[in-house]
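Chemist: With the input below, show me the fold.
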Amino acid sequence: MAEPSQYVWPYDIETLCRCFAEFSGKNTNTPEVVRAKFHKTYFESYFSVDGLGAKTFVVEPEYVDSDFLEDYAAYYVKCFQQYDRFTSRFHFFSVAFTQEAFEGLLLERKEIDGLTLGLLNEKYLGFVVIKHLPGTIIGRTCLKTYNDVNDDVNCPRHYPVKRPYTVHLFGIDLTVNTLAFQEQDRAAAACATSALWSAFQGTGPLFHHKSPCPIEITKAASKHIPSATRTLPNHGLSVTQMVDATRKVGLEPSLIQLGKAQAAKTALIKATVYAYLKLGVPILMGVSLSNGGLHAVAVTGFSLGGKPTPEKNDQRGLVLKSSRMDKIYAHDDQIGPFARMIIDPEQHKLQTSWPDDQGNVGNIYADPIFLLLPLYHKVRVTLEQIRLAVGFFSSLLSRFFDAMPAQIRERFRLPVMARFEWDVHLTKVDMLKKDVRDASCIGLDYKKEVAIQSMPKYMWRVGALVGDERVFDLLFDATDVETGRTFLRAIEYNIDYAWLLRVVCAELTQRLPRLPAPKSAWHVLEWFSDAYLGNKGNMRESGDGYP
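Modeler: The predicted structure is shown next:
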C-alpha cells in the first residue's frame, strides 16, 4: 500500500466509512458496502457526542495484527486470490487536532495548538483494526466504555470485564482499558468463535492462560467433536464444541441450560451474570433471535437501573441486588462491543441492538437458551448452593424481624427493619481484603484480624444491604467440596446491626429444631451465636452499654 499523504482525519461517520473502505480494499469494499454493515450504525452512536465524543482519528495504514496473522497463515494464505496479510489500525481521540500538530509532537516533541503526549493519552478512546478482506473487515477492536461505576458513582452501568491494552502509535505509547472485540468472518470464525475469543481475552489475565486466536479456537473446538460439515470455512459451533474449546485453554466449563419458565429464567440470568461478572468472568450466552436463527454473544457488562424485587411472589422472598438489573451489555460480533440488550420485564426476553428489515432498532428480541461459564478449575461451589443457603438464612431472619417489638429497634437506634438486599458474587481474597482495609467503619484490630486470616483464593461474598449501607458480609469458600464446611466467617460493618444479629442468631440456635436446610445456613447462625457468646469481633467496648 502506498504511503498515504493524510493519516490524521477529523471524525465524522461519513469520513470514517470512506476511510474504512479505502484502507480495507476499495475494489471490494466500497463506502456503500461499509455503510450497509450493522457496525456502521453502532459506531455512529458509540462515537457520537452522547457517546464517547470522538473528534479525531489517526490511521496506521500497514499494521501487523497477531490474531489475524495466525488466521491468515492457516487459511487466507492458501487461497488463490491474494489477500493482504497486513491490516490497518484506526485510533480515536476525543480531542481535535491537525496532522501538522500531530507531526510536530511526533517528530520534534513540539507542542502545537496545545497538543501534548499527556493530552493524547487522556483523550485516547481506543482503536479498531480493519482487515483487508471482502465484507468482513472489523478486526480486533479495543474501545473505551461509556462512563461506568469507576468514573461516576451515580451511574448504574458496570463493565467489570476489562483489562489494559497498551498501544504503540508511531512510537507514542497509549493505553485503553477495555475488552477486545471482533467481527466474525465465516471463514476462520463464526459468532460462537468470536464470542469465545472475546471471553478468553478476559479470562486469560484473570486465570493465567494463553488467549488463543480465532483459528485456534475453531480448530480446538472441532478436534475431538467434529462438525457435520467441514471445519473451515466455519459457520458455527455446537454447544458441546464451545464446551470443548473452553477446556482446551485449561478452564472448566459450567453449562447452565435455561428452562422455559420465563420469570424464573430471567431471575437466574440476572443472578448469574451479576455473580460472575463482578469477579471479571465474561459469560457466553446462546440465544434464539426473533428474526430466526441461533446466535452466541459474550456478556461483558450490566446496568443496575431497576428496582430490587423479591425472587418469589412472597413477602419473605429473597431479594438479590442482581434483581435491579435492567440491561445487559454484550460483545455481539454482528453489532459491536458492549452492545446493549434491554431486559423486557413483560416478555422476559432481551431487546437487542439488531436492526430489523427496515433498519429500525428495538424490534428484534433474543430468547436466552444457555449460559456457559469459563471458570478456573478450583471454583467448585456453585451459585445455586449459595442462593439456597442465603435464602434459608434470610427467611429465618425475616420471621424474627417481623415479630420484633418497636422498642428493640429504638434501643439499638435502628430504623424500621427493612428486608436485607443480598449482594451475592464471586470474589478473590485480595479484592475482599482491600475492601475491608478501606472500610472506615471497621476498627484497626478487626482489620488486622481479617487481614492475617488465611482464606482461599476464591470466595463467595454475600453482602447484606439495607438501602445503600453494607451491614455485614458472609464469606463462603468457593473452592471447597460440596459436602464441606463452606462457610468461613462473617465480616461486620454496622455495629448496631451486628450486635442485634448476634442476639437473634443466639436465640434461633437455642429455640429452633435442626430443620432440613443447607448446612451452610446453620453454620452462619452458629457463627453469629458463637460471636455473641464470646463477645468478639467488631464490637464497641463493654462500657458502651450493650447487655
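
Chemist: in stretch 450-461, what's buried?
Modeler: Within stretch 450-461, the residues scored as buried using 16 or more other Cβ atoms under 10 Å are Val450, Met455, Pro456, Tyr458, Met459, Trp460, Arg461. (Glycine included, C-beta is placed from N, CA and C.)

Chemist: Isn't the fifth one up against Asp480?
Modeler: Spelled out, that is Met459. No. Contact criterion Cβ atoms under 8 Å: Met459 and Asp480 do not qualify, at 9.9 Å.

Chemist: could you point out which element follows the least confident helix or strand in the chain by mean pLDDT?
Modeler: Using mean pLDDT, DSSP states H and E, helix 406-411 stands out as the lowest-scoring helix or strand of the chain, at a mean of 65. For helix 406-411, the succeeding helix or strand toward the C-terminus, using DSSP states H and E, is strand 421-428.

Chemist: From the contact counts, what lies against that next one?
Modeler: With contacts taken as 3 or more Cβ pairs under 8 Å, 6 or more residues apart in numbering; DSSP states H and E, strand 421-428 sits against helix 262-277, helix 383-402, strand 458-466.

Chemist: Which one, of those, ends up nearest to His348?
Modeler: Across those, His348 has its closest neighbour in helix 262-277 (3.5 Å, Cβ to Cβ).

Chemist: In which helix or strand does Phe57 reside?
Modeler: Secondary structure (DSSP H and E) places Phe57 in strand 56-63.

Chemist: Over to Val176?
Modeler: Going by DSSP H and E, Val176 is in strand 172-178.

Chemist: chain center to that strand: distance?
Modeler: 20 Å (Cα atoms, centre = their mean, to the nearest Å).

Chemist: elements contacting the helix or strand just after it?
Modeler: As assigned by DSSP H and E, the chain's next helix or strand after strand 172-178 is helix 191-207. Helices and strands touching helix 191-207, as assessed by 3+ Cβ pairs under 8 Å, 6+ apart, comprise strand 163-169, helix 214-223, helix 239-248, strand 283-289, strand 294-303, strand 327-332, strand 365-375.

Chemist: Only alpha carbons, please: show the strand holding Val176 as PDB.
Modeler: C-alpha atoms of strand 172-178 as PDB (Å, rounded to 0.1, in the frame of the first residue of the first chain):
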ATOM      1  CA  ILE A 172       3.800   7.000  21.100                       C
ATOM      2  CA  ASP A 173       2.600   4.800  24.000                       C
ATOM      3  CA  LEU A 174      -1.100   4.800  24.600                       C
ATOM      4  CA  THR A 175      -3.300   2.700  26.900                       C
ATOM      5  CA  VAL A 176      -7.000   1.800  26.800                       C
ATOM      6  CA  ASN A 177      -8.800  -0.200  29.500                       C
ATOM      7  CA  THR A 178     -11.400  -2.400  27.800                       C
END
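
Chemist: And the contacts of that strand?
Modeler: Outside strand 172-178, the residues that touch it by Cβ atoms under 8 Å, 6 or more residues apart in numbering are 91, 105-106, 117, 120-121, 124-127, 142-145, 159, 162-168, 337.

Chemist: in it, what counts as buried?
Modeler: Buried residues in strand 172-178 (16+ other Cβ under 10 Å): Ile172, Leu174, Val176, Thr178.

Chemist: Then stretch 429-449?
Modeler: Under 16+ other Cβ under 10 Å, the buried positions of stretch 429-449 are Leu432, Lys433, Asp435, Val436, Ala439, Ile442, Tyr446, Lys447, Glu449.

Chemist: where's Ala101 relative to Lys110, distance?
Modeler: Distance from Ala101 to Lys110, counting by Cβ to Cβ, to the nearest Å: 9 Å.

Chemist: Who has more neighbours out of those two?
Modeler: A count of neighbours by other Cβ atoms under 10 Å puts Ala101 above the other of Ala101 and Lys110, at 18 against 11.

Chemist: Let me see the contact set for that one.
Modeler: By Cβ under 8 Å, 6+ apart, the contact set of Ala101 is Ile112, Asp113, Leu115.

Chemist: Report pLDDT for it.
Modeler: Looking at Ala101, its pLDDT stands at 94.

Chemist: and the angle from whichever strand or helix holds it to strand 56-63?
Modeler: Taking DSSP H and E as the criterion, Ala101 maps to helix 99-108. If you take axes from the mean of the first three to the mean of the last three Cα atoms, to 10 degrees, helix 99-108 sits at 60 degrees to strand 56-63.

Chemist: Pull the residues that contact the next helix or strand after helix 99-108.
Modeler: For helix 99-108, the following helix or strand on the C-terminal side (DSSP H and E) is helix 117-122. By Cβ under 8 Å, 6+ apart, the surrounding residues in contact with helix 117-122 are Phe93, Val95, Leu105, Ile172, Asp173, Leu174, Thr175.

Chemist: Excluding sequence neighbours, find me the nearest residue to the residue nearest in space to the middle of the chain.
Modeler: The chain has Thr300 as the residue nearest its centroid, 3.3 Å off, counting by Cα atoms, centre = their mean. In space, and not counting its chain neighbours, Thr300 is closest to Val161: 4.7 Å by Cβ to Cβ, 6 or more residues apart in numbering.

Chemist: if we can go back for a sec, most packed of the helices and strands packed on helix 191-207?
Modeler: By mean neighbour count, with neighbours taken as mean count of other Cβ atoms under 10 Å, strand 327-332 ranks first of the helices and strands packed on helix 191-207 at a mean of 27.
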